[in-house]
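**Student:** Could you look at this predicted model? Sequence included:
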Amino acid sequence: KIRRTGFALFVVLSLAAASCRVAITPPTVEERARELHARMLTVDTHSDTAFSLLRTDWKIGDRHDPSARGAGKIDLPRMKEGGLDAEFFAAFVGQGPLTPEAYVKAKDRALQAVEAVRKMTEEYPSMIGLAVDPEGARRLKKEGKLTAFIGMENGYPIGRDLSLVEFFHKKGVRYITLCHSSDNDICDSSTDRRDPEDKGLSEFGREVVAECNRAGMIVDISHASERSFFDVLDVAKAPIIASHSSARAVCDNPRNLTDDQLRALAKNGGVIQICFLAAYVKTPPVIPEREKALKELEAKYGNIRQIQDEALRTKAMAERAAVNQKYPQVRANVQDLVDHIDHVRKVVGVDYVGIGTDFDGGGGIVGCDDVSGMIHVTEELIRRGYTDREIEKIWGGNFLRVFQKVLDLAGK
């Protein structure tokens, strides 16, 4: 009887153990990605959302339907949905004349964007805070809040006044993209070859880099020409970043970095933040009608992002959107984007790559067309076998290492 009772108990326990094993199912890829985002600090190093904050018909604290016209790519509720903790809001200023009067206007425009970001954090204090260093972002993450960092896209607002580097630093700006799509006083651009000679970093530009290093301002070489890039590395005393660029070996675009540039960047200890602008992610097939329409737009308006008049720029962008709708491109997707991360890891290692979307400045791909889709990038990294530690580095660890190093070397 005792033997039968023992056997019955054994059977019951065995069945119970088996049922427990059946009940335990591994997490889905999305569940694993969500869990990772909950415990790591995720950073996007570039968006052009700052000027949207000045709109009277749009509030960043409200959730906007991504498919709705004028919704934008980023708002605070969608940052939460996508698992993004920290966003660099760039004070973008299009390149204009190199004159004292134009420098004043450029400075005022940059300040307008900087103050808009500050005001946002004051209007939504329970949702987001302003940070000026990695520790500030970590503190806000622990408090359950999002983080706003401020960058400046184009050194044009500095004009010829070196003191403005520290001036903007005191305003909370933590990186300066040295140029945009045209050459300026600091350096030559990767996309401006009106003068076929690439002159690289100017003498004034060398002083700007030195002053950034002294002040603890990160130097950003996205948009800079190849010679400008290497000239910056020759004089920089701190790591640099490419806040929103991709790998040229994967997509042959002058805005992307070559393998030689990637190796030099890694040697410097810097980081490339992969850009989500489709033309930098995957070379699209040529559609003759589309090319003709875009050339007509360029003849009519010039470089749309360089238009200083807001009403005219809005009109031009609406016409460009109409061309895109009439002649849609085959769009890059999340898999194409992660191909760039794969390439950087293969060439220099996983310690030198991160994320810089360029949302609201052209960034957006199939599967991650706005900030609510950021989680899908992590899902793809998991599918490709990236470890949790590697994903944490890509999503912010690498950039924050550079950020802290720049601050540590300030004044030395």
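**Tutor:** Done, it's in. Numbering: from 1, shown residues only.
**Student:** Check which residues of the one helix or strand residue 316 maps to are buried.
**Tutor:** Applying DSSP states H and E as the criterion places residue 316 in helix 310-326. By neighbour count with 16 or more other Cβ atoms under 10 Å, helix 310-326 contains the buried residues 313, 316, 319, 320, 323. The C-beta positions use only the backbone N, C-alpha and C, and glycine is treated the same way.
**Student:** can you pull out the strands in the chain?
**Tutor:** 43-47, 86-92, 128-130, 146-153, 173-177, 218-220, 241-245, 271-274, 353-355 (DSSP state E).
**Student:** Which strands or helices does the second one pack on?
**Tutor:** Read that as strand 86-92. Other helices and strands packing on strand 86-92, by 3 or more Cβ pairs under 8 Å, 6 or more residues apart in numbering; DSSP states H and E, are strand 43-47, helix 100-123, helix 134-142, strand 146-153, strand 173-177.
**Student:** what mean pLDDT would you report for the fourth one?
**Tutor:** This predicted structure assigns strand 146-153 an average pLDDT of 98.
**Student:** what does stretch 205-222 give?
**Tutor:** 98.
**Student:** what residue lies at the spatial centre of the chain?
**Tutor:** The centre of the chain sits closest to residue 356, judged by Cα atoms, centre = their mean, with a distance of 1.9 Å.
**Student:** Not counting residues beside it along the chain, what's closest to that residue?
**Tutor:** Spatial nearest neighbour of residue 356, chain neighbours left out: residue 273 (3.0 Å); criterion: Cβ to Cβ, 6 or more residues apart in numbering.
**Student:** tell me the domain ranges of the protein?
**Tutor:** Listed domain ranges for the chain are 28-284+331-409, 286-328 (source: automatic domain parsing).
**Student:** Out of these, which gets the lowest mean score?
**Tutor:** Mean pLDDT is lowest for domain 286-328 among the domains of the chain, at a mean of 85.
**Student:** where's it relative to the chain centroid, distance-wise?
**Tutor:** Relative to the centre of its chain, domain 286-328 is centred 24 Å away, using Cα atoms, centre = their mean, to the nearest Å.
**Student:** ditto for stretch 177-197
**Tutor:** Using Cα atoms, centre = their mean, the offset of stretch 177-197 from its chain centre is 20 Å.
**Student:** buried ones in it?
**Tutor:** 177-192.
**Student:** got the end-to-end distance for it?
**Tutor:** Using Cα to Cα, to the nearest Å, one end of stretch 177-197 lies 21 Å from the other.
**Student:** go on, stretch 64-71?
**Tutor:** Start and end residues of stretch 64-71 are separated by 5 Å (Cα to Cα).
**Student:** List the neighbours of that stretch that are in contact with it.
**Tutor:** By Cβ atoms under 8 Å, 6 or more residues apart in numbering, the surrounding residues in contact with stretch 64-71 are 57, 58, 72, 73, 75, 78, 369, 370, 372.
**Student:** From the buried residues of stretch 177-197, pick the one nearest residue 89.
**Tutor:** The closest of the buried residues of stretch 177-197 to residue 89 turns out to be residue 177 (Cβ to Cβ; 13.0 Å).
**Student:** Help me confirm that that closest one comes into contact with residue 222.
**Tutor:** Yes. When contacts are counted by Cβ atoms under 8 Å, residue 177 is listed as touching residue 222 (5.7 Å).
**Student:** Common neighbours of the two, please.
**Tutor:** residue 243.
**Student:** buried stuff in stretch 230-249?
**Tutor:** Buried residues in stretch 230-249 (16+ other Cβ under 10 Å): 230-233, 236, 238-249.
**Student:** Could you do stretch 200-216 as well?
**Tutor:** Residues of stretch 200-216 classed as buried: 200-202, 204-216 (neighbour count, 16+ other Cβ under 10 Å).
**Student:** What of stretch 163-170?
**Tutor:** Neighbour-count burial for stretch 163-170 flags 164, 165, 167, 168, 169 (criterion: 16+ other Cβ under 10 Å).
**Student:** Pull the distance from that stretch to the chain's centre.
**Tutor:** 22 Å.
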